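Engineer: what shape does this take:
(2 chains)
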Amino acid sequence: MRHIEAVPEPANEPTPKPTAEPVIVVDNLVKRYPSAIAVDGIGFTVDRGVTAALLGGNGAGKTTTLAILLGLLLPSSGAVRVFGEDVLRHRYRVLPRMNFSSPYVDLPQRLTVRQNLSIYARLYRLRDRDARIDRLARELQIDAFLDRPSGKLSSGQKTRVALAKALLNEPELLLLDEPTASLDPDTGDWVRSYLEDYRARTGATILLASHNMGEVERLCTQVLMMKSGHIVDRGSPDELIGRYGRTNLEEVFLHIARAQPPALEPVS
Amino acid sequence: MTAGIAARAVETRFSPERVWAMLLRYLYILRSSWPRTLELLYWPTLQMLIWGFMSQFFYQNSSYVARAFGVLLAAVMLWDTLFRSQLGLSMSFLEEMWSRNLGHLFVTPLRPYEWVISLLAMSVIRVMIGVVPAALLAIPLYHYSIFDMGLPLVAFFAVLMAMGWALGLAICGLIMRHGMGAESLAWTVIFALAPLSCVYYPVTTLPGWLQPVAWAFPQTYVFEGMRAVLFDEAFRVDYFFAAVALDLVYLALGTVIFFVSFRDARRRGALLQMGE
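Structural biologist: Next up is the predicted model:
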């Protein structure tokens, strides 16, 4: 089993201003396409330092919600605030404080890992880029292939490189789309351990979209169950398991996924 | 300890560092594949060789070329400047499409206009890599130097680069709007304009009804201006200003198409999905 190397942080880093406002506030969010409604009036908040999950099957609206939070997708209506800023109007005020990783969005394959990370470090205007990359490379155990083209890496290596990219600016808010998809159990477990450690070490907020129930049970204290663009239930994993009288989150997921439409009205 | 080492100050301004980051990225990509770099040199050099030998033949057999040996060679090199300017911008843009990378880029503080500036800069670099060696090779081979044109050459180059950018931006916008199915526009659109640009023949060669259409493109003024310099040793200032005015119109149009398409891609969620 790999272990996570804890590397001391530089002492002179600024700390974010403490605030009582949740890091994420989503209100009555709608994303409508000509042929479908991807997200239908959802609302939720995520507090600072919490790891939350958007949980649902394919087409539930998880990735759409993440993309709107990142400003990659414009909603049809509704409001999204991150760090107290309206993301639709002032996304450049919050983007330096957040980051994103997805196995479905590649880094340029012909560039080496180091070149890719160096370019993203410049995009975030980081000081001490090389030191930051070296430190992350050690922590995420990608230092052995820093000078290899990104396209020549295995799935597990690519996932760790993508995570390194997502952690370059040491984000206060980390959005992850299926962070352990297509990973073997050992690598998946290692990534989950790293994320737990990162959150504990930095106090960052993590919102992940997943349909890996074990992952969500282990990492998250807040779960938003999505189906057909609605949030159909929410709570901690234990609350949800207790509410449905099940033994684990997977059974809750299956119960909700197989429920008839009338039982799936949004929870107010 | 808390998260956060990125620029915490409110980030709302233009950053040359981000433009440089994107430019560096395209230079890495270019450097990572020598066949692609070679291809930049290959076509302009090949064109120059073909037209150089044709010019030598026509010089002895055609009164048109006999008036100025370099007229065809200069035309082919200036046409390549226009073509490479547009293609250079479009190719860097397509690199992002092929690597499905827009979803990563636009969750950073990178502004779309900073990206565009890096695409324009890369277009200049690609033109230089392609056209300058061909122009230099013509000197020992044909004893013809396009650089003898002097300052008018700088004016022609600037007008053609700007028109190439305008076309490139519009094409990138159309690819964003219609997806990779429209990728071939990057190679084909420019050739549709070639007959109307009067690269190798005067505008008066065209039928009368087509001539006003030809005069609606800045490159037509460049090629007419080039012939004025080579045949009459006169720089047509009126042509130059007309070309600059048209460049501004086309650049504005290309910019609008690009940014409207970019916003539309955000509305459709295409930034996350776009790719091969």
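Engineer: quick check: closest non-adjacent residue to residue B:112.
Structural biologist: In space, and not counting its chain neighbours, residue B:112 is closest to residue B:262: 5.4 Å by Cβ to Cβ, 6 or more residues apart in numbering or on different chains. C-beta coordinates here come from the backbone N, C-alpha and C atoms, glycine included.
Engineer: count of neighbours near that neighbour?
Structural biologist: Residues near residue B:262, counting by other Cβ atoms under 10 Å in any protein chain shown, number 22.
Engineer: phi first, then psi, for it.
Structural biologist: Residue B:262 adopts backbone torsions of phi -60, psi -50, taken as degrees, to the nearest 10.
Engineer: and for residue B:153?
Structural biologist: Torsion angles at residue B:153 (phi, psi; degrees, to the nearest 10) stand at phi -60, psi -40.
Engineer: quick one: residue B:255 from residue A:70, how far?
Structural biologist: 25 Å (Cβ to Cβ, to the nearest Å).
Engineer: when those two are compared, which one has more neighbours?
Structural biologist: Taking other Cβ under 10 Å, residue B:255 and residue A:70 do not tie; residue A:70 has more neighbours (25 against 17).
Engineer: ok, the more buried one to residue B:120 distance?
Structural biologist: Per Cβ to Cβ, residue A:70 is found 26 Å from residue B:120.
Engineer: same check on residue A:172?
Structural biologist: 34 Å.
Engineer: the two: which has the busier surroundings?
Structural biologist: Of the pair residue A:172 and residue B:120, residue A:172 is the one with more neighbours under other Cβ under 10 Å, namely 25 against 21.
Engineer: quick check: that one touching residue A:98?
Structural biologist: Yes. Look at residue A:172 against residue A:98 with Cβ atoms under 8 Å: they come within range, at 6.8 Å.
Engineer: neighbours of residue B:103, how many?
Structural biologist: Neighbourhood size, residue B:103 [other Cβ under 10 Å]: 23.
Engineer: let me redo that: residue B:35
Structural biologist: A total of 7 residues lie near residue B:35 under the criterion other Cβ under 10 Å.
Engineer: the strand or helix carrying it and chain A, are they touching?
Structural biologist: Using DSSP states H and E, residue B:35 sits in helix B:34-61. No. Using Cβ under 8 Å from any Cβ of the partner chain, helix B:34-61 stays clear of chain A, coming no nearer than 9.7 Å.
Engineer: show me what that helix is packed against.
Structural biologist: Judged by 3 or more Cβ pairs under 8 Å, 6 or more residues apart in numbering or on different chains; DSSP states H and E, helix B:34-61 is in contact with helix B:16-31, helix B:63-66, helix B:71-98, helix B:112-142.
Engineer: got a list of what the residue nearest in space to the middle of chain B touches?
Structural biologist: In chain B, the C-alpha nearest the mean C-alpha coordinate belongs to residue B:85, at 1.4 Å (Cα atoms, centre = their mean). By Cβ atoms under 8 Å, 6 or more residues apart in numbering or on different chains, residue B:85 lies in contact with B:123-124, B:127, B:160-161, B:163-165, B:168.
Engineer: export those residues to JSON lines and tack on pLDDT?
Structural biologist: Shown next, in JSON lines, are the contacts of residue B:85 (pLDDT from 0 to 100):
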{"residue": "B:123", "pLDDT": "96"}
{"residue": "B:124", "pLDDT": "96"}
{"residue": "B:127", "pLDDT": "95"}
{"residue": "B:160", "pLDDT": "97"}
{"residue": "B:161", "pLDDT": "97"}
{"residue": "B:163", "pLDDT": "97"}
{"residue": "B:164", "pLDDT": "97"}
{"residue": "B:165", "pLDDT": "97"}
{"residue": "B:168", "pLDDT": "96"}
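Engineer: give me the buried subset of those.
Structural biologist: Buried by 16 or more other Cβ atoms under 10 Å in any protein chain shown: B:123-124, B:127, B:160-161, B:163-165, B:168, out of the contacts of residue B:85.
Engineer: just to revisit the earlier point, so the residue nearest to residue B:112 touches residue B:176, yeah?
Structural biologist: Yes. Judged on Cβ under 8 Å, residue B:262 makes contact with residue B:176 at a distance of 6.2 Å.
Engineer: work out for me the element the residue in the stretch 1-150 of chain A that chain B sits nearest to sits within.
Structural biologist: Residue nearest to chain B within the stretch 1-150 of chain A: residue A:122 (3.4 Å; Cβ to the nearest Cβ). Assessed by DSSP H and E, residue A:122 sits inside helix A:113-123.
Engineer: other residues contacting that helix?
Structural biologist: A:107-108, A:111, A:129-130, A:132-133, A:136, A:142, A:145-148, A:150, A:153, A:161, A:164-165, A:168, B:17-18, B:20-22, B:24-25, B:28, B:104-105, B:108-110.
Engineer: try it again at 7 Å.
Structural biologist: The contact list for helix A:113-123 (Cβ atoms under 7 Å, 6 or more residues apart in numbering or on different chains) reads A:107-108, A:129, A:132-133, A:142, A:145-148, A:150, A:161, A:164-165, A:168, B:17-18, B:20-21, B:24-25, B:28, B:108-110.
Engineer: tell me how far the helix or strand of chain A with the lowest mean pLDDT is from the chain's mean position?
Structural biologist: Least confident element among the helices and strands of chain A, by mean pLDDT, DSSP states H and E: helix A:249-258 (a mean of 86). Taking Cα atoms, centre = their mean, to the nearest Å, the mean C-alpha location of helix A:249-258 is offset from the chain mean by 22 Å.
Engineer: next, the buried residues of it.
Structural biologist: Buried positions in helix A:249-258, judged by neighbour count with 16+ other Cβ under 10 Å: A:249-250, A:252-253, A:255-256.
Engineer: now the residues you listed in JSON lines, with distance to chain B?
Structural biologist: Below are those laid out as JSON lines (distance: Cβ to the nearest Cβ, whole Å):
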{"residue": "A:249", "distance to chain B": "27"}
{"residue": "A:250", "distance to chain B": "27"}
{"residue": "A:252", "distance to chain B": "28"}
{"residue": "A:253", "distance to chain B": "24"}
{"residue": "A:255", "distance to chain B": "30"}
{"residue": "A:256", "distance to chain B": "25"}
